[in-house]
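Visitor: Here is the input, now give the coordinates:
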Amino acid sequence: PKGCEATMFALLAGMGNLGANLGNYFGAFLLQLLGVQPTGAAGDEEQFQNLWVAAVVSAIAPCIPLILVFRLIPNISQKDP
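Guide: Model prediction:
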């Protein structure tokens, strides 16, 4: 709406920051769940055995909202009340 540009920008920026923070937390949780917790010590190679699973999940997860776009966006015009 006219006159609310700054509010909409703030909401979009806030949602972007929230999404980035949630992505960081879920990524850390996924690494912990998969047992990828290297300490930097010698012989830590086995800590990276499930790292490929985390890489696959992080590559596929952003595509999930693309599948849901048609369900999440209403089928109306922007000019409809």
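Visitor: show me where pLDDT drops low in this protein?
Guide: 1, 81 (pLDDT under 70).
Visitor: Which SSE is immediately downstream of the longest helix belonging to the chain?
Guide: Across the chain, the longest stretch assigned as helix under DSSP state H is helix 5-34. On the C-terminal side of helix 5-34, the nearest following helix or strand under DSSP states H and E is helix 51-60.
Visitor: buried residues in that next one?
Guide: Within helix 51-60, the residues scored as buried using 16 or more other C-beta atoms under 10 Å are Ala54. From N, CA and C alone the C-beta is placed, and that goes for glycine too.
Visitor: follow-up on the earlier one: between the longest helix of the chain and helix 51-60, how many degrees?
Guide: With axes from the mean of the first three to the mean of the last three C-alpha atoms, to 10 degrees defining the directions, helix 5-34 sits at 160 degrees from helix 51-60.
Visitor: For the chain, which residue occupies the most central location?
Guide: Of all residues in the chain, the one closest to the mean position by C-alpha atoms, centre = their mean is Gly23, 4.1 Å from it.
Visitor: What distance do you get for that one to Pro65?
Guide: Look at Gly23 and Pro65: by C-beta to C-beta, to the nearest Å, they are 12 Å apart.
Visitor: Leu31 too?
Guide: Using C-beta to C-beta, Leu31 is found at 22 Å from Pro65.
Visitor: okay, these two: which has more neighbours?
Guide: Leu31 (18 against 9; other C-beta atoms under 10 Å).
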